[in-house]
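Visitor: please find the sequence and the predicted model below.
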Amino acid sequence: MKTTFRWYGKGNDTVSLSDIRQIPSMHSVVWALHDLGPGEVWPVERIQEVKDQAAEYDLGIDVVESVNVHEAIKLGTADRDEYIENYKQTIRNLGEVGGVKVICYNFMPVFDWVRTDMAKEHEDGSTALFYENAKIEGVDPHELFEQVKRSSRGMTLPGWEPERLEKIEELLNAYNGVSEDDLFENLAYFLKEIVPVAEENGIKMAIHPDDPPFPVFNLPRIVHSKENLQRIVDAVDSPSNGLTLCSGALGSIKGNDIPDMIRTFKDRIPFAHIRNVKVYENGDFIETSHREQDGSVPILEIMKAYHEIGFEGYMRPDHGRHLWGEESRPGYGLYDRALGIMYMMGAWDMLEKLEKESSQ
Ligand code: DNO
Ligand code: MN
């Protein structure tokens, strides 16, 4: 298992590479060119620049999160092939620079992850990302955006860029009549095109689950259950068609058995996100510390399952709470994610030790 940490890039993150380097066990950053929109080709020089910056701190650039998928590809409109070509070129450019082994992406229509409050207070005074169903039902997305903006400390959230929000009506309308099967067909079409290119470049594609794992604003959703994941890995049978198994996204509803998913899809998980969330009776959920007892997700069972399958992929702590007055991008401060790493590594190191002892 290789430990990674998400980094939004120089000048675009409150966390620095030197901070990241000091976290025990750190292998590489999880990065992206966040200023480029979906559908744009990532230039070789820009990729090289990030590689050089990370190398100065002995960090790799093994995982990209995300090369975002243009809406035309998700909708399957006539211009999709052009955007698929651009996506392939980005994969080739990443291959040319070298060092990237995994590309995380998602196939959520219109929005990336959705929350209703970016700084909901826990009893201990820390704050975290919160999802409240009542605030979404019947709410105009603009209103939600304003609300989210107020609680997000001036930082733009991925997928919530103002330019995007301007076109929201148009985008939402475009999905009228697009069924889950249509969306899946469009994903399968995309995968058949890009997976061979990923293979040629030694890269594994890894789809991130829908977050939250149920429909929002009546948009179709196709990545939130074991059945969905099975259908996706079956669509193109290649190790380069893989999953980002996000325990927080999948764990935000009761009923997803994540340790079972890990055992089932073991060869197809190049990238693991570890996040804990507390799910309430009414379906609302709040993000918590990574500690198993603090939320509803069986983090220790999950670590056990990864250890059992001999996981050799990349793992990162996902969103953290905001602690000790830290001002950061929502969910992406240094402190709680660093604590998360030590919890993950504590569990992992103990599993390794016990395995070694039992084989002696
Ligand atoms: C993940 C979230 C998402 C994620 C994308 C992947 O935990 O932070 O923004 O990065 O959905 O494409
Ligand atoms: Mn995640």
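Guide: Done, it's in. Ligands and ions are numbered 1, 2, ... in the order given.
Visitor: up against ligand 2, what does the protein have?
Guide: Contact residues (C-beta under 5 Å from the ion) of the chain with ligand 2: 246, 273, 318. Bear in mind the C-beta positions are built from the backbone N, C-alpha and C, glycine included.
Visitor: could you identify which of those has the most neighbours?
Guide: residue 246 (28 neighbours; other C-beta atoms under 10 Å).
Visitor: nearest spatial neighbour of it, chain-adjacent residues omitted?
Guide: Leaving aside its chain neighbours, residue 246 sits nearest to residue 273 (3.8 Å; criterion: C-beta to C-beta, 6 or more residues apart in numbering).
Visitor: one step back: show me the residues of the chain next to ligand 2 that map onto strands.
Guide: Within the residues of the chain next to ligand 2, residues falling in strands by DSSP state E are 246, 273.
Visitor: export the residues of the chain next to ligand 2 as a markdown table, with columns for pLDDT and distance to residue 334.
Guide: Listed next are the residues of the chain next to ligand 2 as a markdown table, based on pLDDT from 0 to 100; distance: C-beta to C-beta, whole Å:
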| residue | pLDDT | distance to residue 334 |
| --- | --- | --- |
| 246 | 98 | 20 |
| 273 | 98 | 17 |
| 318 | 97 | 14 |
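Visitor: tally of neighbours for residue 348?
Guide: 19.
Visitor: is whatever helix or strand it lives in in proximity to ligand 1?
Guide: Assessed by DSSP states H and E, residue 348 sits inside helix 335-358. No - using C-beta under 6 Å from any ligand atom, helix 335-358 never reaches ligand 1; the gap is at least 11.3 Å.
Visitor: which parts of that helix are buried?
Guide: Buried positions in helix 335-358, judged by neighbour count with 16 or more other C-beta atoms under 10 Å: 335-341, 343-345, 347-348, 351.
Visitor: again with stretch 28-37
Guide: For stretch 28-37, a neighbour-count test (16+ other C-beta under 10 Å) marks 28-33 as buried.
Visitor: same deal with stretch 54-67?
Guide: Buried residues in stretch 54-67 (16+ other C-beta under 10 Å): 54, 59-67.
Visitor: CSV for the residues of the chain next to ligand 2, including distance to ligand 1?
Guide: Converted to CSV, the residues of the chain next to ligand 2 look like this (distance: C-beta to the nearest ligand atom, whole Å):
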residue, distance to ligand 1
246, 6
273, 5
318, 5
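Visitor: ranking helices and strands of the chain by mean pLDDT, which lands last?
Guide: Using mean pLDDT, DSSP states H and E, the weakest-scoring helix or strand in the chain turns out to be helix 162-166, at a mean of 70.
Visitor: which SSE is immediately downstream of that helix?
Guide: Counting by DSSP H and E, the element after helix 162-166 in chain order, helix or strand, is helix 168-174.
Visitor: identify the residues contacting that next one?
Guide: Residues outside helix 168-174 that contact it (C-beta atoms under 8 Å, 6 or more residues apart in numbering): 71, 75, 109-110, 141-142, 145, 164, 217, 219.
Visitor: now the buried members of these.
Guide: Buried among the contacts of helix 168-174 (16+ other C-beta under 10 Å): 71, 75, 109-110, 141, 145, 164, 217, 219.
Visitor: with secondary structure and distance to residue 82 added, can I get those in JSON lines?
Guide: Output for the buried ones among the contacts of helix 168-174, formatted as JSON lines (DSSP: H, G, I helix; E, B strand; the rest coil; distance: C-beta to C-beta, whole Å):
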{"residue": "71", "secondary structure": "helix", "distance to residue 82": "13"}
{"residue": "75", "secondary structure": "helix", "distance to residue 82": "13"}
{"residue": "109", "secondary structure": "coil", "distance to residue 82": "19"}
{"residue": "110", "secondary structure": "coil", "distance to residue 82": "20"}
{"residue": "141", "secondary structure": "helix", "distance to residue 82": "27"}
{"residue": "145", "secondary structure": "helix", "distance to residue 82": "29"}
{"residue": "164", "secondary structure": "helix", "distance to residue 82": "20"}
{"residue": "217", "secondary structure": "coil", "distance to residue 82": "27"}
{"residue": "219", "secondary structure": "coil", "distance to residue 82": "24"}
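Visitor: find the centremost residue of the protein, please.
Guide: When C-alpha atoms, centre = their mean is applied to the chain, the residue found nearest the centroid is residue 208 (5.2 Å).
Visitor: in strands, which of the buried residues of stretch 54-67 fall?
Guide: 60-65.
Visitor: just these that are near ligand 1?
Guide: residue 65.
Visitor: and which of the ones in strands among the buried residues of stretch 54-67 is nearest to ligand 2?
Guide: Closest approach to ligand 2 among those (C-beta to the ion): residue 65, at 8.5 Å.
Visitor: the helix holding residue 348 packs against which elements?
Guide: strand 2-6, helix 299-308, strand 314-317 (3 or more C-beta pairs under 8 Å, 6 or more residues apart in numbering; DSSP states H and E).
Visitor: quick check: buried residues in the shortest one?
Guide: Buried positions in strand 314-317, judged by neighbour count with 16+ other C-beta under 10 Å: 314-317.
Visitor: tell me the two of those that are most distant?
Guide: Farthest-apart pair in the buried residues of strand 314-317 is 314 and 317; separation 11.8 Å (C-beta to C-beta).
Visitor: which residues are common contacts for the two?
Guide: Contact criterion C-beta under 8 Å, 6+ apart; residues shared by residue 314 and residue 317: none found.
Visitor: I'm done for today, thanks for sticking with me.
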